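Engineer: I'd like to go over a predicted model; first the sequence, then the structure.
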Amino acid sequence: METIETDKTDFTETGYAASVAEPVKENKMGTKPVLPLLLSMAFPPMLSMMIQSLYNIVDSIFVARYSENALTAVSLAFPLQTLIVACSVGIGVGVNSYIARKLGERRQKEADSAVVHGLLLAAAASILFVVIGAFGIGPFFRMFTNDEAILKDGLLYARICVGFCFGPFIHICIEKIFQATGKMLFPMALQAIGAVINIILDPILIFGYFGCPSLGVTGAAVATIIGQLTAMSLSFLVLVVFPHDVKLRFKGFRFHGSVVRQILAVAVPNACMNALGSLLVMGLNAILIQFSNTAVSLFGIYYKLQTFVFMPASGLSQGAMPIMGYNYGARSRKRLLVCLKYSAVICLLIMGVGCLLFESIPGTLLSLFHANEEMLEIGIPALRIIAVSFLPASVGFILPTMFQAIGNGLDSLAVFLLRQLVITLPLSYFLHGPFGLAGIWVSFIAAESVGAIVAFLLFCKIRKKDELLRREPAK
């Protein structure tokens, strides 16, 4: 690799002492052809996220075979798990965006400083979750049900998952650090290891195989945290032991609020965007419980199934974001827009395949969860209606990825607010009366369509206002 000497006498936001000059290696994100680069960076996290989706689905399949009450309890706990992932991914994406931009600007020390700052933020957030969870989990569940059996299972499951949430917080932060430098295999392998451990332990601990006691829902929670803690431990080991384009350096480190503010400028909107999924699930559960416990269980199943479509798209965005961020920092307009174009096409293909599966074999998908006749009756039309929303979702998914990559988190938040909360919940509330469950499912199509339109309009606005994006390419 070519080595370039850059003058670095003005590092006021690094957290480390400044140096006169430092070598900076040419980064593949600024030189390698965009499509092969995108595929090489997107495929590992796409595979990793599909594995993650698989173990979430397997988790629910085993719990459903234990009892329908257990499935309802886990479905009610799902928003809490989603909230943990939302905040951990938010911090990780903030660190990812900051590192990618600083590497593109050839500010190595500032990129290095984000590693320690990000890990400290992840640890602090996990502590906050544990404290809030100690007091809030009980009232949270009682908002949705008074069934003592469901309450018992739900509280056991949620308290274990929240109590050990530092596992996903630290692991996801390190995962995003790797991805910011273009290293995608480590995150895939580490997440896959955690997922496989969870899949193996689920039936053993839930049903009590090989001499283990039958723990039911508690066993599902224990299997989950063992997988998460394993992934966290291995990811930290890889970060410390192997050489990377950014370094974990505690020596000479000083905490700088300016670095934290820049990370949080992307992290908070991203966390809010992802957390909207939790609010959506909670709000819809409150509406669905008026119909039946089966309706709540069905929505929990749908949410697990749709992750098998949305997680590969999320993996694609993880591969695309550092490429976009690096080339934005490097002032390479053409490479940024080419990456956006390829990402949009691939995302549409992923969503199209997902839509086709939901439309063609909804009964088969539901039968994986031991669906009874009532669930099949309401679930088959539900999956077919909601699947239509996958197509416009591809636009509302990729364009916000570009907004985050260039440090514009608020526009991403606006799109996700429309997709996940502003339209879906109010429309579901008003339509469920005259149209029943079908009215709730139609609200997904409306929300994703409006979100796609707004995302495109915001993209046009950014192209007009941003000096780099509005500049005509050199002839």
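Structural biologist: Received the coordinates, thanks.

Engineer: Find the centremost residue of this structure, please.
Structural biologist: With distances taken as C-alpha atoms, centre = their mean, residue 89 lies nearest the centre of the chain, 5.5 Å away.

Engineer: buried set for whichever strand or helix holds that residue?
Structural biologist: Taking DSSP states H and E as the criterion, residue 89 maps to helix 68-104. Across helix 68-104, burial judged by 16 or more other C-beta atoms under 10 Å covers 68-104. All C-beta spots, glycine's among them, are computed from the backbone N, C-alpha and C.

Engineer: and that helix, what does it pack onto?
Structural biologist: If you count contacts as 3 or more C-beta pairs under 8 Å, 6 or more residues apart in numbering; DSSP states H and E, helix 68-104 packs onto helix 34-66, helix 108-142, helix 148-163, helix 166-180, helix 217-241, helix 257-288, helix 293-329, helix 390-405.

Engineer: Give me the neighbour count for residue 235.
Structural biologist: Neighbourhood size, residue 235 [other C-beta atoms under 10 Å]: 25.

Engineer: what's the burial count for the spatially closest residue to it that is not a sequence neighbour?
Structural biologist: Leaving aside its sequence neighbours, residue 235 sits nearest to residue 174 (C-beta to C-beta, 6 or more residues apart in numbering; 4.3 Å). When counting by other C-beta under 10 Å, one arrives at 29 neighbours for residue 174.

Engineer: Go ahead and confirm residue 174 touches residue 236.
Structural biologist: Yes: using C-beta atoms under 8 Å, residue 174 is in contact with residue 236, at 6.3 Å.

Engineer: Tell me where the stretch 51-200 of the chain is predicted with low confidence.
Structural biologist: Counting by pLDDT under 70, the stretch 51-200 of the chain has low-confidence residues at 51-56, 184.

Engineer: try 90 this time
Structural biologist: Within the stretch 51-200 of the chain, the stretches with pLDDT under 90 are 51-90, 92-118, 132-158, 161, 165, 168, 172, 175-200.

Engineer: likewise the stretch 301-450 of the chain?
Structural biologist: 301-337, 365-375, 395-398, 400-426, 429, 432-437.

Engineer: swap the cut-off to 80 and go again
Structural biologist: Confidence mapping of the stretch 301-450 of the chain against pLDDT under 80 gives the ranges 304, 318, 329-331, 333, 370-371, 407-410, 413, 416, 419-421.

Engineer: tell me the contacts of the residue lying closest to residue 221 once chain neighbours are set aside?
Structural biologist: Counting by C-beta to C-beta, 6+ apart, residue 160 is the residue found nearest to residue 221 once chain neighbours are left out, at 3.8 Å. Counting by C-beta atoms under 8 Å, 6 or more residues apart in numbering, residue 160 makes contact with 218, 221-222, 224-225.

Engineer: Over to residue 239?
Structural biologist: By C-beta under 8 Å, 6+ apart, the contact list for residue 239 reads 115, 174, 177-178, 248.

Engineer: Swap in 10 Å and give it another go.
Structural biologist: Going by C-beta atoms under 10 Å, 6 or more residues apart in numbering, residue 239 touches 115, 119, 170, 173-175, 177-178, 186, 246-248.

Engineer: which of the residues you listed count as buried?
Structural biologist: Using 16+ other C-beta under 10 Å as the burial test, the contacts of residue 239 include 115, 119, 170, 173-175, 177-178, 186, 246 as buried.

Engineer: Which elements pack onto the helix or strand that contains residue 337?
Structural biologist: For residue 337, the host element (DSSP H and E) is helix 333-360. If you count contacts as 3 or more C-beta pairs under 10 Å, 6 or more residues apart in numbering; DSSP states H and E, helix 333-360 packs onto helix 34-66, helix 293-329, helix 362-367, helix 373-387, helix 390-405, helix 437-465, helix 467-470.

Engineer: and with 8 Å instead?
Structural biologist: Helices and strands touching helix 333-360, by 3+ C-beta pairs under 8 Å, 6+ apart, are helix 34-66, helix 293-329, helix 373-387, helix 390-405, helix 467-470.

Engineer: Turn those helices into a markdown table, including distance to residue 270.
Structural biologist: Below are these laid out as a markdown table (distance: least, C-beta to C-beta, whole Å):
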| stretch | distance to residue 270 |
| --- | --- |
| helix 34-66 | 16 |
| helix 293-329 | 10 |
| helix 373-387 | 24 |
| helix 390-405 | 6 |
| helix 467-470 | 21 |
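
Engineer: any chance of those in JSON lines, with distance to residue 195 and mean neighbour count too?
Structural biologist: JSON lines is the format used below for the helices and strands packed on helix 333-360 (distance: least, C-beta to C-beta, whole Å; neighbours: other C-beta atoms under 10 Å):
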{"stretch": "helix 34-66", "distance to residue 195": "4", "mean neighbour count": "21"}
{"stretch": "helix 293-329", "distance to residue 195": "11", "mean neighbour count": "24"}
{"stretch": "helix 373-387", "distance to residue 195": "24", "mean neighbour count": "18"}
{"stretch": "helix 390-405", "distance to residue 195": "22", "mean neighbour count": "25"}
{"stretch": "helix 467-470", "distance to residue 195": "38", "mean neighbour count": "12"}
